[in-house]
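J.: using only what follows, build the 3D model:
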Amino acid sequence: MTYYGGEQLANAFRTVRKNTLAIAKDLPEDQYSFRAAPETRTVSQLLIHIAVSSAWQQELHSERVPSLEGYDFAGRFMKDKAEEQVPRTKAQIIDLLQRTGETFACFLDALSESALSEMVSMPARQPPKSRFEMILSVKEHEMHHRGQLMLIERQLDIMPHLTREREARFARTALQPTQT
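T.: I've put the predicted structure just below:
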């Protein structure tokens with residue numbers, strides 16, 4: 001028996017996506033074209049990238065593909081890159097993040113322990129990985145990009161929501177009388 005299965009993956013992913021959505025909502029739409037450095041994604045492209053990047057893992061694990069040997073990573077990368085280039089409004093991007101996030105979370109929620117423990121062969125003599133490890137990387141990937149978005153917020157003089165919430169908690173605690 002494991003202590004971290006499909007339900008826990010789904011709950012953790014929903015939390016991560018909720019925080020990504022908070023950033024997407026905090027950033028003004030006129031800053032969605034902001035690019036932190038040359039040759040990097042704009043805010044809009046980064047948010048779309050986050051929204052669409054879980055699809056290949058969902059397809060892979062829904063079909064219970066046993067091996068990534070011969071998988072068309074370049075083709076998948078180009079498909080996702082093309083999605084990032086489609087112009088969308090802030091509202092459309094937020095909707096996309098909400099829809100793809102909930103779709104992926106529902107997929108995770110339905111995964112059995114036996115499915116998560118299955119091993120998937122990797123290309124180029126890499127060691128195999130469990131479906132659990134591969135699926136966990138989706139959350140890690142989003143958190144990586146969310147860190148970039150939080151730095152972008154700082155560059156745009158926006159205090160990230162998690163920092164605002166922490167400071168509010170500290171302020172409330174400081175106002176409470178000390179018990180003796």
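J.: list the buried residues in the longest helix seen in the chain.
T.: Taking DSSP state H as the assignment, the helix of the chain that covers the most residues is helix 131-155. For helix 131-155, the neighbour count (16 or more other Cβ atoms under 10 Å) marks 131-132, 134-136, 138-139, 141-142, 145-146, 149-150, 152-153 as buried. Using the backbone N, CA and C atoms, a C-beta is placed for each residue, glycine as well.
J.: of the residues you listed, closest to E84?
T.: H145 (11.8 Å; Cβ to Cβ).
J.: residue contacts, that closest one?
T.: Neighbouring residues of H145 by Cβ atoms under 8 Å, 6 or more residues apart in numbering: 46, 49-50.
J.: which stretches of the protein form helices?
T.: Ranges of helices within the chain are 6-26, 43-52, 55-62, 73-85, 90-109, 113-117, 131-155, 161-175, based on DSSP H.
J.: least reliable of these by average pLDDT, please.
T.: Across these, helix 161-175 has the smallest mean pLDDT, namely a mean of 87.
J.: can you spell out which helices and strands pack onto that helix?
T.: helix 6-26 (3 or more Cβ pairs under 8 Å, 6 or more residues apart in numbering; DSSP states H and E).
J.: report the distance from the helix it packs on to the chain centre.
T.: Helix 6-26 has its C-alpha centroid displaced from the chain centroid by 7 Å (Cα atoms, centre = their mean, to the nearest Å).
J.: with adjacent residues omitted, what lies nearest to Q31?
T.: Leaving out its chain neighbours, the residue that sits closest to Q31 by Cβ to Cβ, 6 or more residues apart in numbering is L156, at 5.6 Å.
J.: burial check on T103, number of neighbours?
T.: Number of residues near T103 (other Cβ atoms under 10 Å) recorded here: 13.
J.: what sits against it?
T.: Q58.
J.: how close does it sit to H145?
T.: Using Cβ to Cβ, to the nearest Å, T103 is found at 18 Å from H145.
J.: ok, now E83?
T.: Distance from E83 to H145, by Cβ to Cβ: 15 Å.
J.: returning to what we had before: wait, isn't the residue nearest to Q31 in contact with F34?
T.: Yes - counting by Cβ atoms under 8 Å, L156 touches F34, with 6.6 Å between them.
J.: separation between the residue nearest the centre of the chain and L46?
T.: Closest residue to the average C-alpha location of the chain: E142 at 2.7 Å, with Cα atoms, centre = their mean. To L46, E142 is 11 Å away according to Cβ to Cβ.
J.: rewinding a little: quick one: residues contacting the residue nearest to the centre of the chain.
T.: By Cβ under 8 Å, 6+ apart, the contact set of E142 is 16-17, 20, 50, 53-54.
J.: can I get the residues you listed in TSV with distance to L27?
T.: Shown next, in TSV, are those (distance: Cβ to Cβ, whole Å):
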residue	distance to L27
V16	17
R17	16
T20	11
I50	13
S53	19
S54	21
